[in-house]
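> quick check, what structure comes out for this input:
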Amino acid sequence: MERRENRRFVSELRCMLRRNGEETGIEGTTINVSRSGALIRAARPAGRGSLPGPGEFVELELLLPSVQGQEQRCMACNAVALRTNLDNAGGIEVAVRFLRVEIRKSTEQAQELASVNFGGASDPVI
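Numbering: from 1, shown residues only. Now for the predicted structure:
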């Protein structure tokens, strides 16, 4: 039986996940996104302390696809971590529930993330 209130959409958006109040974060990619939350995949950080635990407040920036001639925008979210799991590739998956969402200009840290091409040479930079 499906318990989710909102439909999830498979969507790979680059993102930056930070524990509330921390300066640096974990770079990742969304696996899926819904109206109420997201599932994020990231490399396992060297320091265990930077992983959010269940119930912990986090800040999340999802980089939105850029539109030619306009500044890079992001979906800035205050969220709560629901769970953190290790995935089969040795990375982590973090499920979050959005508490507050706004569309705004990307932060400098997120803009640096946007300038890195994670895929092959032909993949567009988001």
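> where's residue 30, which helix or strand?
Assigned by DSSP states H and E, residue 30 falls within strand 26-33.
> pLDDT of the helix or strand just after that strand, averaged?
Once strand 26-33 ends, the next helix or strand along the chain (criterion: DSSP H and E) is strand 37-42. For strand 37-42, the mean pLDDT works out to 95.
> contacting residues for the closest residue to residue 77 other than its chain neighbours?
Leaving out its chain neighbours, the residue that sits closest to residue 77 by Cβ to Cβ, 6 or more residues apart in numbering is residue 60, at 4.4 Å. For every residue, glycine as well, the C-beta is placed using N, CA and C. By Cβ atoms under 8 Å, 6 or more residues apart in numbering, the residues touching residue 60 are 15-18, 38, 40, 76-79, 96.
> hmm, try it at 6 Å
With contact taken as Cβ atoms under 6 Å, 6 or more residues apart in numbering, residue 60 is in contact with 17, 77, 79.
> A strand includes the first one, no?
Yes. The assignment for residue 17, made by DSSP: H, G, I helix; E, B strand; the rest coil, places it in a strand.
> who does it bridge with?
Per DSSP bridges, the residues bridged to residue 17 are residue 26, residue 60.
> now it: how far from residue 89?
Distance from residue 17 to residue 89, counting by Cβ to Cβ, to the nearest Å: 17 Å.
> those two - which one has more neighbours?
It is residue 17, of residue 17 and residue 89, that has more neighbours when counted by other Cβ atoms under 10 Å, with 26 against 9.
> surely that one and residue 25 touch.
Yes. Counting by Cβ atoms under 6 Å, residue 25 is a contact partner of residue 17 at 5.3 Å.
> residue closest to the middle of this structure?
Centroid-nearest residue in the chain: residue 15, 3.6 Å away (criterion: Cα atoms, centre = their mean).
> quick check: pLDDT value at that residue.
pLDDT for residue 15: 94.
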